[in-house]
Structure formats: C-alpha cells, structure tokens
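J.: attaching a predicted model along with its sequence, questions to come.
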Amino acid sequence: MAYIYPAPGVTDVEVTLTLEDNSGTLTGSLVLPSLQDITLNNSNDVFTWTQLDETAKLQVATTSTNSLSMNLVLEQDSFFGTGAAGTVAGTGVIGLSTNKTLVDFTLFLGKTSAGGAGKTVTGSGYVTGLAPTVSADSPVWVSPITLTVTGEYTIS
C-alpha cells in the first residue's frame, strides 16, 4: 500500500500546483507556493424521481461538478504577479481571477527524488473564491482559492 503523505518534515514528498494559460495568450507557468491544504472535489449530481409502482425513489447519476479548493499563505509575487508582461507569473493569481482567464492546472502528489513515483491530476478551470484576510492570530495574509473545473479531471 502506498499512502499519499505530503506532511511537514517528510523528506522527498511534495504537493505542487502549477497554473498555465489555456488560451496561450500568456506564456510560462505559475507554481503556487505556500499551500496550506487542498481539497479535490468531485460531486456527481443525481436526478431523482418517483413512480407509482415503486416503494422508493429512483435515481440516476448525471454530470459532476469538479473543483480544487485550498488555502494559501499569500506571497506577494505569486498573488499580485511579478509585472512581467504577457506571462502567467507576471499576471499573478489575482490577475488570473479578475481577468477570468481559463487556466490549465497540474496538481502533483508524490516523491521528488530521482525515479520518484507520484500521481498527477490535470484539468482546466477558472480561479475564483479569493478572499484574503489577516488578523492578530494570523499575522500573515491567507486566502481561500478555488479552481472551478470545466470538464473532467485527468489522472495519470
């Protein structure tokens, strides 16, 4: 059994999330640093109906809603962008969100050593749900972020 354990202090294991522009207008990629947690959502919708000849409701699965949600400790360059014109890194997370840029994402879960094994979840979606906050108990800016996925995940 191979557990996925991206825990602090575990050597050679990481979780990385990389964003690229789906349209090709912006070049390069942006690796999101300072991930606190990630939730990989796959929620199938269900159509339910009743029939007079049945004692229970009948259901059939329909399309699913997919998303990645996480919390980030904000780092200035990745959030606001580096300012490099025409690049994903220059646009930053908030620019990708406000510009409604369709992004391709790659979520890597695994070992970083030579020959290390891991799984990759890829797809396309939009950056939403930004709500940066700071408080006395959390003296660094933290923001939730959601990637609303258009279509299916690809897992390899």
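T.: All right, it came through fine.
J.: list the beta-bridge partners for G123.
T.: F105 (DSSP bridges).
J.: that one reaches T148, doesn't it?
T.: No: using C-beta atoms under 8 Å, G123 is not in contact with T148, being 10.2 Å away. Using the backbone N, CA and C atoms, a C-beta is placed for each residue, glycine as well.
J.: quick one, which of those two is more surrounded?
T.: Taking neighbours as other C-beta atoms under 10 Å, G123 and T148 compare with G123 leading, 20 against 15.
J.: so what's the more buried one up against?
T.: 66, 104-105, 149-154 (C-beta atoms under 8 Å, 6 or more residues apart in numbering).
J.: tell me which element the residue nearest the centre of the chain is part of?
T.: Nearest to the geometric centre of the chain sits L68, at 3.8 Å (C-alpha atoms, centre = their mean). Following DSSP states H and E, one finds L68 within strand 58-73.
J.: what is that strand packed up against?
T.: Secondary-structure packing of strand 58-73 (3 or more C-beta pairs under 8 Å, 6 or more residues apart in numbering; DSSP states H and E): strand 35-49, strand 118-128, strand 142-149.
J.: which is the next helix or strand following it?
T.: Counting by DSSP H and E, the next helix or strand C-terminal to strand 58-73 is helix 76-80.
J.: what residues of that next one count as buried?
T.: Using 16 or more other C-beta atoms under 10 Å as the test for burial, helix 76-80 gives 78-79.
J.: what's that helix packed up against?
T.: Helix 76-80 packs on helix 88-98, going by 3+ C-beta pairs under 8 Å, 6+ apart.
J.: please convert the buried members of the contacts of G123 into ChimeraX selection syntax.
T.: Per 16+ other C-beta under 10 Å, the buried members of these correspond to this ChimeraX selection:
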select :66,104,105,149,153
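J.: now, which of the contacts of G123 sits nearest Q36?
T.: Each of those was checked against Q36 using C-beta to C-beta; the closest is F105, at 17.3 Å.
J.: how close does the closest one get to V73?
T.: For F105, the distance to V73 equals 19 Å [C-beta to C-beta, to the nearest Å].
J.: re earlier: deepest in the core, which of the helices and strands packed on strand 58-73 is it.
T.: Among the helices and strands packed on strand 58-73, strand 142-149 has the highest mean neighbour count (mean count of other C-beta atoms under 10 Å), at a mean of 19.
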